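[1] show me how the following folds:
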Amino acid sequence: MEKGVWQRVAPTLNPWPGADAVGKALRDGAKADGVTLASDAVRTPHAVSAPETVSLGPVEPDAVSLPGAEPDPCCMGTEAETDLAVVAGFVEDEQSERRQLQVLARQAPVWARQTVLSLSARAAGRARRLIAAYYLITGETYLPAVRTERIYTGKWCPALRERYHNAACTAMNYERAADGTPDPCLGALFRELSADAFECAEAVSRILERSLVG
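    Here you go, the predicted structure:
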């Protein structure tokens, strides 16, 4: 029977005598289980607490530093500074050799001219590598001395003989410098330049052989 009809018939009676008790029991049981009924939520809404703030403390920098960030790197660093004068001396020698070979190429036979010019370029390449090493060690660019004097090479075969001995002696000096430096990377560079200078000496020797035999 509809509630409205029942109230008209017997307004003083409860049409569902156990409804209030059942409802109260349901609410009490739900609260015991930690469940909030919709009706209770409307009457007594739960307070929303602010999220807790977790302090992580100061952010520590990464324990692994980037390569090259060390103030005293393991290669081309403080230990190599003892050889700065040696590096600068080699730069000047290679620059001088480059100029000598450029002048020598002007009087070379046609068949030898390109080879002599390539030897000049290799001397310039060794000088550039040494200048790069100087910068790695010091952070400063080494500027070779500017030479303005005229170069006289003399006759062809004697000039070749002089260039051979210069290249061979330079190669040996690179080897000595490699043995004497405490820096392993600089020592490896000196040995590479020594091998290149020896190859140039051999190339000059082959040119001389052909020039003498004719």
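[2] all contacts plus neighbour counts: C-alpha atoms, from now on.
    Will do.
[3] separation between residue 190 and residue 208?
    Taking CA to CA, to the nearest Å as the measure, residue 190 falls 27 Å from residue 208.
[4] whoops, residue 97 was the one
    Applying CA to CA to residue 97 and residue 208 gives a distance of 17 Å.
[5] coming back round to it: give me the more crowded residue out of residue 190 and residue 208.
    Between residue 190 and residue 208, counted using other CA atoms under 10 Å, residue 190 has the larger neighbour count: 26 against 20.
[6] what does the average pLDDT come to for the helix or strand where residue 128 lies?
    Residue 128 belongs to helix 110-138 when elements are defined using DSSP states H and E. When pLDDT is averaged along helix 110-138, the result is 97.
[7] which strands and helices sit next to that helix?
    helix 84-106, helix 184-213 (3 or more CA pairs under 8 Å, 6 or more residues apart in numbering; DSSP states H and E).
[8] among the ones you listed, which is nearest residue 150?
    helix 84-106 (9.6 Å; CA to CA).
[9] tell me which residues of that closest one come out buried.
    By 16 or more other CA atoms under 10 Å, the buried positions in helix 84-106 come out as 87-88, 90-105.
[10] surely residue 103 meets residue 153?
    Yes: using CA atoms under 8 Å, residue 103 is in contact with residue 153, at 7.3 Å.
[11] how close does residue 116 sit to residue 77?
    36 Å.
[12] more neighbours, those two?
    Taking neighbours as other CA under 10 Å, residue 116 and residue 77 compare with residue 116 leading, 24 against 18.
[13] residues in contact with that one?
    101, 102, 104, 105, 108, 204 (CA atoms under 8 Å, 6 or more residues apart in numbering).
[14] show me the shaky parts of the chain.
    Counting by pLDDT under 70, the low-confidence segments of the chain come to 1-72, 214.
[15] how does it look with 90?
    1-74, 78, 145-154, 213-214 (pLDDT under 90).
[16] identify the residues contacting stretch 192-212?
    112, 116, 119, 126, 157, 160-161, 163-165, 167-168, 170-175.
[17] which of those residues are buried?
    Buried members of the contacts of stretch 192-212, counted by 16+ other CA under 10 Å: 112, 116, 119, 126, 160, 163-164, 167-168, 170-175.
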